[in-house]
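**Student:** Got a sequence here, can you model it:
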Amino acid sequence: MGKKKILLLFVASLQGWGHDISPLERPPFEQTILTKAAEKRIFSVDDAQRVRDIEAFMVSKPKGKVNLISEMSPAKNQGQRGTCSSFATMGLVEHFIDRNADYSEQCLAYFSASDDGGNIGDKLSFILSQGIYREGDCPYKDPKDFDNWLLANDKEQENLALEARNTIPLLTNIRKLTPAFRVIRKHVDELSDGEYLRYIQNQLDDGIPVGAAMVSIGEEWTKRGMIEKIPGPEQIKKECKDRQKSSALSFSAMPFKKCDSHAVVLTGYDDAKKLIYFKNSWDENWGLDENMNVTSASGERRGYGAFSYAYLTKFRVNSLITLSR
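**Tutor:** Predicted structure coming up:
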């Protein structure tokens, strides 16, 4: 074996060591096209009004704390594919039906859209009309499972990701499930920062997890699950400009309109710490445990994270999604 291969395999063995994630190992984010309201909120240099809204919200209610993690299905791993919306969707569905259920993100991602992206609301609408498969009947495929992933260049990895997406078993005579629920969408641009937090907390107080999406910017996404700091304006512009350059679409009037985004399930909050907790899809080796601790005792599930109120309100996009009977 040559020196180059030995080095690559050694690096691969270190990736994911501990609880940080190497930027090379971080799954690809999905993409979102910002509304004018979201663009103004995200690229505004003056966040003073946000601080005032959050403080006004905090004094308007007794400090509370909710944690629904024990009621959620285990965190899964989307691997090196931009399928976070499919995983967040199934997180809501599994909670609604049975936390011990395991439904197929592979088939949902493949049949619900022409690529791995999308949004939670649309995928739930697809499930209502077309049903879902069990994970055992349509197992998820991560392109890293291919033997040649580590030695592949960028283009080859793109092809492997496409091959993984297209790995669908023969589903003849496989029974689909057709769950029944109502999808409730609340567009985030309709809400002030305080109203946004109050809406989320009201759902969580009632035992209802919330599907959400946010623009994902900053190095904290590769860390241990605590996403608290607001990146500076230059970093925000740079990361969205990099996304803009890779896009086939042109927004000359709004050069930062296309940004990376990530979908998760909000599962709790803590007013004293000003944190919203979420279930992620980067496997159980990432992030915090079910008690929101960085260090985990043996047997405790990981795969969760926390947003500061300031981060989540600034970078919110699309809609808040809940299910009801």
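**Student:** helix/strand/coil for residue 180?
**Tutor:** With DSSP: H, G, I helix; E, B strand; the rest coil as the basis, residue 180 sits in coil.
**Student:** Check the gap between it and residue 111 for me.
**Tutor:** Distance, residue 180 to residue 111, using CB to CB, to the nearest Å: 19 Å. Using the backbone N, CA and C atoms, a C-beta is placed for each residue, glycine as well.
**Student:** So for the two, which residue has more residues nearby?
**Tutor:** residue 111 (18 against 8; other CB atoms under 10 Å).
**Student:** Isn't that one up against residue 127?
**Tutor:** No: at 10.0 Å, residue 111 does not count as touching residue 127 under the criterion of CB atoms under 8 Å.
**Student:** joint contacts of the two?
**Tutor:** Shared contacts of residue 111 and residue 127 (CB atoms under 8 Å, 6 or more residues apart in numbering): none.
**Student:** what about residue 241, how many neighbours?
**Tutor:** For residue 241, using other CB under 10 Å, the count is 14.
**Student:** With residue 114 instead?
**Tutor:** 7.
**Student:** distance of it from residue 60?
**Tutor:** In this view, residue 114 and residue 60 are 44 Å apart by CB to CB.
**Student:** now residue 122
**Tutor:** Distance from residue 122 to residue 60, counting by CB to CB: 34 Å.
**Student:** likewise residue 50?
**Tutor:** From residue 50 over to residue 60 the distance is 16 Å, taken as CB to CB.
**Student:** Looking only at neighbour counts, state which of these two leads.
**Tutor:** Remark: of residue 50 and residue 60, residue 50 carries more neighbours, 19 against 9, as counted by other CB under 10 Å.
**Student:** A strand includes the more buried one, no?
**Tutor:** No: with three-state DSSP as the criterion, residue 50 is helix rather than part of a strand.
**Student:** so it touches residue 312, yeah?
**Tutor:** No: Residue 50 is beyond contact range of residue 312, at 10.6 Å (criterion: CB under 8 Å).
**Student:** What distance do you get for residue 153 to residue 159?
**Tutor:** Distance from residue 153 to residue 159, by CB to CB: 10 Å.
**Student:** element containing the residue nearest to the spatial centre of the chain, please.
**Tutor:** Centroid check for the chain by CA atoms, centre = their mean gives residue 263 as the closest residue, at 3.0 Å. With secondary structure defined by DSSP states H and E, residue 263 is part of strand 258-270.
**Student:** So which elements touch that strand?
**Tutor:** Packing partners of strand 258-270 (3 or more CB pairs under 8 Å, 6 or more residues apart in numbering; DSSP states H and E): strand 30-33, strand 65-67, helix 84-97, helix 193-205, strand 210-215, helix 233-245, strand 275-279.
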